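K.L.:
what's the 3D shape of this:
(one chain, ligands or ions: 1)
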Amino acid sequence: MGDFQTEFTVILVITLISTILIIWKLYKSSHADTHLPPTPFRLPVIGHLHLLAPSAHHAFHKLSMRHGPVFRVFLGSTPCVVVTSPEIAKQVFKVHENVFSDRPQNSSVDYMTYGGKGFIFAPYGSYFMFIKNITVSQLLNAKAGESVELEMLLGRMTNNVISRMVTGNRGSDEEDEAEDMMKIMAEVDKLYGRFNLSDHIWFCKNLDLQGLRKTAMDIRRRFDVVTERILKEHEEARKQNMETEVKDLLSILLEISEDESMEIKLTRENIKAFIMDIFLGGTDTAARTIEWALSELINHPNIMKKALEEIDQVVGKNRLLQESDIPNLPYLQQIVKETLRLHPAGPMTQRLAREDCIVGGYRIPAKTTIFINLWSLGRDPTYWESPLEFRPERFEDKQADCFTWKAGKYGDLTSVDMEEGIAISLPRANPLVCVPVA
Ligand code: HEM
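P.N.:
Residues are numbered from 1 along each chain as shown. Below is the predicted model of the structure:
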């Protein structure tokens, strides 16, 4: 009796699953559009969301082995296309630049940027061009023995550089502020790296199943407190004519926001969202790239030696390396390029199709999200010989008080693990801990 019941249940389950699959297949074939890129089998409601763990760029890389360099995936009901070939990426970025000039929004980005009022995620249009011009013209051309956890140290360093650029202080003078900002950016980085079910499954739209909305609200509230404080200090200094000769980004933005003749009126929220973008774009990306580079150098002592010899020769032992030395350090530049090839901070860049378009011979319908898998492009054996090998010399023909490092808390490790963590800027899974050796 027990056996019969088990058999009956198994048959019932198989019949049910088969019926669902047949109905699903029939539905799909009746709606098939042969000009669309291929797509793997997808589940009802969630689409391909179940395939994306632990990180989407790895999952898409694996899928591209089976489905080719352009294929479709569905994040819940959101149609997406993944691109993993440089020729097709070129079609997206260059040939059809106007069609793919928007970046897709999600609810976390929308909330954190005060409704798309920043730079990186602003829709293409007059505001985007206005803010881009300000950044390029005003900001980028405006002015001339103990173990250490490098993730924290590098994060603090890049945070200080960006702090100085944005607010004029060195970070170390205003340590609490810089520390708060660094923590906030690490949380934004993690938040942006998560797929929010509410964005992709229609009946979850108003639910906060993963708690991401609550997290976003908490982060933005803290960010608001820090930026309001910095903004007020700047406004006070402006009122009392106490601004320094070299203007920082905030002073420039405040000046523009008060200028009635400007074609676009910058609001306080625009300024805050812009600050968020610059901190997010410039701190973790740069810190993580340096951390990955040092990890590779520790695992390749011969490359580390060659790099140090080059620095010794160009910079010498009596001063620190400066930005102006970089053109004379070709091997160091090759190391940076090789690091970005294997460990690109921001492993996938995204665009949104504004209208229907043909890419790689396939029809891409309007409103499709395009993922360009930069991580995958850097590891494609068609373009890179022994792609998994860290070999800066491959860039040799493609040109644009120093100490060495020992890995581990006690400097006793001969190599470090190269496991990836999860966040939008591609962190290491385990922070790099090293001992500097004179
Ligand atoms: C190693 C360091 C960095 C890496 C790996 C990196 C990576 C990236 C990537 C992958 C994109 C997206 C490109 C696209 O979708 O077309 C991007 C855009 C951007 N990044 Fe960076 N970034 C770095 C440093 C910085 C710094 C230092 C800043 C600011 C001071 C910055 C600000 C921006 C901005 C504003 C954008 C948007 C540009 C636009 O839409 O035109 N980034 N970055």
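K.L.:
For this structure, list the residues in contact with the ligand, please.
P.N.:
119-120, 132, 162, 277-278, 281-282, 285-286, 289, 345-346, 349 (CB under 6 Å from any ligand atom). For glycine as for every other residue, the C-beta is placed from the backbone atoms N, C-alpha and C.
K.L.:
How about residue 406: what's its closest non-neighbour residue?
P.N.:
Distances taken as CB to CB, 6 or more residues apart in numbering put residue 435 closest to residue 406, at 4.8 Å, once the chain neighbours are dropped.
K.L.:
ok, now residue 286?
P.N.:
In this structure, residue 286 finds its nearest non-sequential neighbour in residue 158, 4.4 Å apart by CB to CB, 6+ apart.
K.L.:
Then residue 124?
P.N.:
In this structure, residue 124 finds its nearest non-sequential neighbour in residue 101, 3.8 Å apart by CB to CB, 6+ apart.
K.L.:
so what's the closest residue to residue 91 other than its chain neighbours scoring on pLDDT?
P.N.:
Nearest residue to residue 91, sequence neighbours excluded (CB to CB, 6+ apart): residue 359, at 5.1 Å. Confidence at residue 359, expressed as pLDDT, is 95.
K.L.:
for residue 359, what are its contacts?
P.N.:
Applying CB atoms under 8 Å, 6 or more residues apart in numbering to residue 359 gives the contacts 70, 81, 83, 88, 91-92, 96.
K.L.:
out of those, who has the most neighbours?
P.N.:
residue 83 (30 neighbours; other CB atoms under 10 Å).
K.L.:
For residue 312, see how far away it is.
P.N.:
Per CB to CB, to the nearest Å, residue 83 is found 43 Å from residue 312.
K.L.:
now residue 36
P.N.:
Look at residue 36 and residue 312: by CB to CB, they are 56 Å apart.
K.L.:
Show the average pLDDT along stretch 52-62.
P.N.:
If you average the pLDDT values across stretch 52-62, you get 91.
K.L.:
Tabulate the CA atom coordinates of it in PDB.
P.N.:
C-alpha atoms of stretch 52-62 as PDB (Å, rounded to 0.1, in the frame of the first residue of the first chain):
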ATOM      1  CA  LEU A  52      22.900  34.000 -11.300                       C
ATOM      2  CA  ALA A  53      24.300  33.000  -7.900                       C
ATOM      3  CA  PRO A  54      26.900  33.600  -6.600                       C
ATOM      4  CA  SER A  55      27.900  36.300  -9.100                       C
ATOM      5  CA  ALA A  56      26.300  37.200 -12.400                       C
ATOM      6  CA  HIS A  57      29.500  37.800 -14.400                       C
ATOM      7  CA  HIS A  58      30.600  34.200 -13.700                       C
ATOM      8  CA  ALA A  59      27.100  32.800 -14.500                       C
ATOM      9  CA  PHE A  60      26.900  34.700 -17.800                       C
ATOM     10  CA  HIS A  61      30.500  33.600 -18.700                       C
ATOM     11  CA  LYS A  62      29.500  30.000 -18.300                       C
END
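K.L.:
Now do the buried residues in that stretch.
P.N.:
52, 55-61 (16 or more other CB atoms under 10 Å).
K.L.:
Is it correct that residue 73 is in contact with residue 40?
P.N.:
Yes - Residue 73 lies in contact with residue 40 (CB atoms under 8 Å); the separation is 7.4 Å.
K.L.:
So which of those two has more stuff around it?
P.N.:
Remark: of residue 73 and residue 40, residue 73 carries more neighbours, 25 against 14, as counted by other CB under 10 Å.
K.L.:
The residue nearest to the spatial centre of the chain is in what secondary structure piece?
P.N.:
Geometric centre of the chain, nearest residue: residue 346, 2.7 Å, by CA atoms, centre = their mean. Assigned by DSSP states H and E, residue 346 belongs to no helix or strand.
K.L.:
Tell me which residues touch it, please.
P.N.:
285, 374, 424-426.
K.L.:
if you set the cut-off to 10 Å instead, what comes out?
P.N.:
Each residue near residue 346 by CB atoms under 10 Å, 6 or more residues apart in numbering is listed here: 57, 192, 281, 284-285, 288-289, 340, 374-375, 424-426.
K.L.:
Most neighbours among the residues you listed, which one is it?
P.N.:
Highest neighbour count within the contacts of residue 346: residue 284, with 29 neighbours (other CB under 10 Å).
K.L.:
Once you drop chain neighbours, what's closest to it?
P.N.:
Per CB to CB, 6+ apart, closest to residue 284 is residue 425, 4.1 Å.
K.L.:
what does residue 321 give?
P.N.:
Nearest to residue 321 is residue 315, by CB to CB, 6+ apart, at 5.0 Å.
K.L.:
my guess is residue 58 meets residue 65, correct?
P.N.:
No - counting by CB atoms under 10 Å, residue 65 is not a contact partner of residue 58; they are 11.5 Å apart.
K.L.:
any common contacting residues for those two?
P.N.:
By CB under 10 Å, 6+ apart, the residues touching both residue 58 and residue 65 are residue 376.
K.L.:
picking up where we left off before, which strand or helix spans the residue nearest to residue 406?
P.N.:
Under the criterion of DSSP H and E, residue 435 resides in strand 433-437.
K.L.:
Surely residue 258 is in contact with residue 268?
P.N.:
No - with contact defined as CB under 10 Å, residue 258 does not reach residue 268; the gap is 11.5 Å.
K.L.:
more neighbours, the two?
P.N.:
A direct count of neighbours by other CB under 10 Å for residue 258 and residue 268 places residue 268 higher, at 15 against 12.
K.L.:
No further queries at this time; thank you.
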